[in-house]
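K.L.:
Can you look at this prediction? I've put the sequence above it.
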Amino acid sequence: MGAPLSLHQQSTYVLASGIAMFALDLWNKPRMLLEWSGVALISKLGTISLMVFNPELVLPLFWGVVLWSAIFSHAPASFRHATWWH
């Protein structure tokens, strides 16, 4: 009832919501896993899962995800949606 969440709880909820959004994206566009955008998303979820198991690394991992997201979201669409698997 208003008590702050631990870093472990926060990371777990971020991971759960990320997996839910990933599932919706994958349902909408199954081919996404063959694109670089899918690889980027899987790597972000992997990094967030590290936050769940290593609470002492939450801050640097968080900023790593933010930086990766900013770089990747500004990459040209021709790269983001290019297939990495032929």
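P.N.:
Nice, I can see it. Numbering: from 1, shown residues only.
K.L.:
Isn't Trp68 up against Ala40?
P.N.:
Yes: Trp68 sits in contact with Ala40 when judged by Cβ atoms under 8 Å, with a separation of 7.1 Å. C-beta here means a position set from N, CA and C on the backbone, and glycine is covered the same way.
K.L.:
Looking only at neighbour counts, state which of the two leads.
P.N.:
Ala40 (17 against 14; other Cβ atoms under 10 Å).
K.L.:
Grab the CA positions of the helix or strand that one falls within and hand them over as CSV.
P.N.:
If you go by DSSP states H and E, Ala40 is part of helix 36-53. Listed in CSV are the C-alpha atoms of helix 36-53, where the atom choice follows Å, rounded to 0.1, in the frame of the first residue of the first chain:
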residue,chain,number,x,y,z
TRP,A,36,17.6,-6.7,-36.4
SER,A,37,14.8,-5.1,-34.4
GLY,A,38,14.0,-8.5,-33.0
VAL,A,39,17.6,-9.1,-32.1
ALA,A,40,17.8,-5.7,-30.3
LEU,A,41,14.6,-6.5,-28.4
ILE,A,42,15.9,-9.9,-27.3
SER,A,43,19.1,-8.3,-26.2
LYS,A,44,17.3,-5.7,-24.1
LEU,A,45,15.1,-8.4,-22.5
GLY,A,46,18.3,-10.4,-21.7
THR,A,47,19.9,-7.3,-20.1
ILE,A,48,16.8,-6.7,-18.1
SER,A,49,16.8,-10.3,-16.9
LEU,A,50,20.4,-9.7,-15.7
MET,A,51,18.9,-6.9,-13.6
VAL,A,52,16.6,-9.4,-11.9
PHE,A,53,19.4,-11.7,-10.9
